[in-house]
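>>> the sequence and its predicted three-dimensional model are supplied below.
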Amino acid sequence: MNDDGIKTYFGALDALPPGERTALKRDAGNLLEKADGRAIRVFYKCIPHSVPQWQEDRWFAAGCLHCLWSADTAERMSVKQVLYRLGRDPDISESTAHRLESLLDLKWDIDGYMLTKLARLARLIKSKGLAVDCADLLSDLIVWNSDSQSVQRKWAKAMYAAPNAEEESKEGE
């Protein structure tokens, strides 16, 4: 799926009436197969038809998590940026590290356990006044089960290294 399809999807979610966004918000942390009828209908109303069926659960998860924040939330950050900020917060850095560690050990699977952990992390992020760019999250979820574990390594590294550290060091040379 190209970036235009992802932008179109999140644009459609932001354009939904409040009741339909709430239906998706209520299912944040649930797999598509466990969602209620209204959330399923709203999801299929927004998702591009070209999304492969094996990815639908991940698109649904990212869409529901996106709806945790209001449609007019201005500053949404990449997962890397959010994890870096959480890692600098002395009140929660250790508990966040443990949450992240347990999440990184999990595969995206039909039991939905990884998604439950991810939704809890998203709610913690929201409670800290931060907002996740769920389009960025979706890109990570699509390749989550990759043998290289590139997403897991990227997320773990993000807690301890500034997201743009490489770019900043190159500019300083």
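Sure thing, it's come through. Residues are numbered from 1 along each chain as shown.
>>> pull the CA atoms of the strand or helix carrying K157 into CSV?
According to DSSP states H and E, K157 maps onto helix 150-158. Taking Å, rounded to 0.1, in the frame of the first residue of the first chain, the C-alpha atoms of helix 150-158 are listed here in CSV:
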residue,chain,number,x,y,z
SER,A,150,13.7,-4.1,12.4
VAL,A,151,10.7,-2.4,14.0
GLN,A,152,11.4,-3.9,17.4
ARG,A,153,15.0,-2.8,17.3
LYS,A,154,14.0,0.7,16.1
TRP,A,155,11.5,1.1,19.0
ALA,A,156,14.0,-0.1,21.6
LYS,A,157,16.7,2.2,20.3
ALA,A,158,14.3,5.1,20.3
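>>> and it, how far from the chain's centre?
Remark: helix 150-158 is offset 14 Å from the chain centroid, using Cα atoms, centre = their mean, to the nearest Å.
>>> doesn't A135 belong to a helix?
Yes: assessed with DSSP: H, G, I helix; E, B strand; the rest coil, A135 lies in a helix.
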